[in-house]
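Engineer: structural data only, the sequence is not supplied:
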């Protein structure tokens, strides 16, 4: 896939670390111009620096993507700098505390849903008019194994990732005749910097514990990035509405 994204404008959220950073670096290595969207300014700048040191083109926009003003800035910057948006990767996300529904606070529910589901909705809504004007575009969302089952996380995270799956499929159906493709990956356990702050004695972690025996091999972020690039590429031109597990077979158990 050498040069598969030459000159294309790509937005990657959560690109300061983990899967998002690996994805941004991989797109840049294939010739894409990449907008790095992240909450952490230092991490975002680090990814931009790594891309530029390798001869690529990148720009960072930092802020909370649950904020419409930040979403507007991300979209405006990509259009101004790249002339449009060819690929959108909604990757940014946070975990819950593996919390069972009866124990979920309003704050935990609202924050997890805002970051994991509302932010991708807001950014996709902002980017779609530009893709529609161009008559083409690829959207790849990061769902989760928790979007395929009920035993991989707490209530808030599980609901948010099931929402991402539904959003992806609806997008695929609604806009396929306009040249827009929407797919998602469903990562299993992946070696990232995400820390799950949980009370191991609480009902949620206790109930979920036995189900993690089928977790599979811990993936590297680069492996998730490779799946994202494939789904965004011309090689996947007839793949639309797919949720692709990248989990060493966990979804097959």
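Structural biologist: Received, thanks. On a predicted model such as this, the values are computed, not experimentally measured, just so you know. Numbering: from 1, shown residues only.
Engineer: run a quick neighbour tally on residue 17.
Structural biologist: 18 (other C-beta atoms under 10 Å). C-beta coordinates here come from the backbone N, C-alpha and C atoms, glycine included.
Engineer: which residues touch it?
Structural biologist: For residue 17, the contacting residues are 38, 40, 43, 192, 193, by C-beta atoms under 8 Å, 6 or more residues apart in numbering.
Engineer: could you check how far it is from residue 39?
Structural biologist: For residue 17, the distance to residue 39 equals 10 Å [C-beta to C-beta, to the nearest Å].
Engineer: next: residue 209.
Structural biologist: Distance of residue 209 to residue 39, given as C-beta to C-beta: 30 Å.
Engineer: the more surrounded of the two?
Structural biologist: Shown here are residue 209 and residue 39; by other C-beta under 10 Å, residue 39 has more neighbours (18 against 12).
Engineer: and that one, backbone torsions?
Structural biologist: Dihedral pair for residue 39: phi -70, psi -30, per degrees, to the nearest 10.
Engineer: so it touches residue 62, yeah?
Structural biologist: Yes. Residue 39 is in contact with residue 62 according to C-beta atoms under 8 Å; the separation is 6.6 Å.
Engineer: for the protein, longest helix please?
Structural biologist: helix 155-175 (DSSP state H).
Engineer: now for that one, which elements pack on it?
Structural biologist: helix 106-113, helix 119-134, strand 137-142, strand 180-187, strand 243-246 (3 or more C-beta pairs under 8 Å, 6 or more residues apart in numbering; DSSP states H and E).
Engineer: contacts for the first one?
Structural biologist: What it means is helix 106-113. 94, 95, 96, 97, 99, 155, 156, 157, 159, 160, 163.
Engineer: which residues touch the fifth one?
Structural biologist: Pointing back at residue 99 there. Residue 99 sits in contact with 108, 154, 155, 156, 198, 202, 204, where contact means C-beta under 8 Å, 6+ apart.
Engineer: and with 6 Å instead?
Structural biologist: 154, 204 (C-beta atoms under 6 Å, 6 or more residues apart in numbering).
Engineer: next one: the third one
Structural biologist: Listed by C-beta under 6 Å, 6+ apart, the contact partners of residue 96 are 108, 112, 154, 156, 157.
Engineer: change it to 7 Å
Structural biologist: Contacts for residue 96 (C-beta atoms under 7 Å, 6 or more residues apart in numbering) come out as 108, 112, 153, 154, 156, 157.
Engineer: the nearest residue to residue 32 once chain neighbours are set aside: neighbour count?
Structural biologist: Nearest residue to residue 32 in three dimensions, chain neighbours excluded: residue 5, at 3.8 Å (C-beta to C-beta, 6 or more residues apart in numbering). By other C-beta under 10 Å, 24 other residues sit near residue 5.
Engineer: ok, residue 5 touching residue 33?
Structural biologist: No. With contact defined as C-beta atoms under 7 Å, residue 5 does not reach residue 33; the gap is 8.8 Å.
Engineer: shared neighbours, those two?
Structural biologist: Joint contacts of residue 5 and residue 33 (C-beta under 7 Å, 6+ apart) do not exist.
Engineer: spatially nearest residue to residue 247, not counting backbone neighbours?
Structural biologist: Leaving aside its sequence neighbours, residue 247 sits nearest to residue 188 (C-beta to C-beta, 6+ apart; 2.8 Å).
Engineer: quick one on the thing from earlier: can you verify the residue nearest to residue 32 is assigned to a strand?
Structural biologist: No. Using DSSP: H, G, I helix; E, B strand; the rest coil, the assignment for residue 5 is coil, not a strand.
Engineer: is the most far-flung residue of the chain relative to its centre in a helix, a strand, or coil?
Structural biologist: For the chain, the residue at maximal distance from the C-alpha centroid (C-alpha atoms, centre = their mean) is residue 201, at 30.5 Å. Look at residue 201: counting by three-state DSSP, its state is coil.
Engineer: lovely, talk soon.
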